[in-house]
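Q: sequence unknown, structure follows:
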């Protein structure tokens with residue numbers, strides 16, 4: 001039992017609780033701005049990732065459920081978080097920005113990635129060999145495309161945020177920590193399990 005409830009897992013459980021509290025708080029705000037709405041989507045994606053990794057770490061060991069089953073859930077948040085960060089950056093840098101129909105095209109790769117992941121047993125385009133130990137994974141061709149797209153969106157979103165705050169050093173530092181935390185959560189969702 002002590003092998004399951006490690007310090008990283010307990011930290012992730014605390015993070016999920018804090019994210020839940022913050023999400024509930026922001027959702028209770030009446031007349032939310034566009035930035036508050038997109039922030040809710042950011043939090044929701046991170047919450048999905050956190051809960052999925054928590055369940056993967058606990059249930060894959062206790063109940064012998066294959067870890068890939070949880071990965072199918074975790075990737076819902078993982079696929080859409082870069083798109084949400086991009087929109088957060090756009091709205092952050094221009095509070096009057098309204099999402100347009102063309103912005104829907106940013107959802108094509110995440111939706112395609114989820115479909116490919118969920119059907120991976122048939123074609124192995126996402127993972128040829130899956131393991132919770134990243135060094136043992138053998139990645140498929142689509143995962144490379146997915147990662148390039150996702151990291152590009154994250155980088156563009158972060159650039160939008162930094163461009164808005166380049167004149168204010170304190171705000172720049174805060175946005176830096178926000179960016180690093182999103183990047184870390186996105187990049188390390190396999191480490192706990």
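A: Thanks, I have the structure now. Quick caveat, the model's predicted, so the values are computed rather than measured.
Q: which stretches of this structure form strands?
A: Remark: strands assigned in the chain by DSSP state E are 127-129, 138-139.
Q: and these as CSV, adding mean neighbour count?
A: Glycine gets a C-beta too; all of them are placed from N, C-alpha and C. Below are the strands of the chain laid out as CSV (neighbours: other Cβ atoms under 10 Å):
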stretch, mean neighbour count
strand 127-129, 14
strand 138-139, 14
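Q: Where do the helices of this protein begin and end?
A: Taking DSSP state H as the criterion, the chain carries its helices at 7-27, 34-62, 67-93, 108-118, 120-123, 141-165, 169-187.
Q: State the mean pLDDT of the second one.
A: The average pLDDT for helix 34-62 rounds to 90.
Q: tell me what it is packed against?
A: Contacts defined by 3 or more Cβ pairs under 8 Å, 6 or more residues apart in numbering; DSSP states H and E place helix 34-62 against helix 7-27, helix 67-93, helix 169-187.
Q: Most tightly packed of the helices of the chain?
A: When the helices of the chain are scored by mean count of other Cβ atoms under 10 Å, the highest mean neighbour count falls to helix 67-93 (a mean of 22).
Q: next one: it to chain centre, how far?
A: Mean-position distance between helix 67-93 and its chain equals 4 Å (Cα atoms, centre = their mean, to the nearest Å).
Q: and it with helix 34-62, angle?
A: If you take axes from the mean of the first three to the mean of the last three Cα atoms, to 10 degrees, helix 67-93 sits at 170 degrees to helix 34-62.
Q: What average pLDDT does helix 67-93 get?
A: Computed over helix 67-93, the average pLDDT equals 91.
Q: Roughly how far does residue 89 sit from residue 81?
A: Remark: distance between residue 89 and residue 81 (Cβ to Cβ, to the nearest Å) = 13 Å.
Q: how about the helices of the chain in JSON lines, adding distance to residue 129?
A: As requested, the helices of the chain are exported to JSON lines (distance: least, Cβ to Cβ, whole Å):
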{"stretch": "helix 7-27", "distance to residue 129": "24"}
{"stretch": "helix 34-62", "distance to residue 129": "16"}
{"stretch": "helix 67-93", "distance to residue 129": "10"}
{"stretch": "helix 108-118", "distance to residue 129": "14"}
{"stretch": "helix 120-123", "distance to residue 129": "11"}
{"stretch": "helix 141-165", "distance to residue 129": "12"}
{"stretch": "helix 169-187", "distance to residue 129": "20"}
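Q: and of the ones you listed, who's closest to residue 133?
A: Set against residue 133 and scored by Cβ to Cβ, these come closest in helix 67-93, at 9.9 Å.
Q: Which other helices and strands does that closest one contact?
A: Checking 3+ Cβ pairs under 8 Å, 6+ apart, helix 67-93 ends up next to helix 34-62, helix 108-118, helix 141-165, helix 169-187.
Q: Kindly reformat the helices and strands packed on helix 34-62 as a markdown table containing distance to residue 145.
A: As requested, the helices and strands packed on helix 34-62 are exported to a markdown table (distance: least, Cβ to Cβ, whole Å):
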| stretch | distance to residue 145 |
| --- | --- |
| helix 7-27 | 28 |
| helix 67-93 | 12 |
| helix 169-187 | 16 |
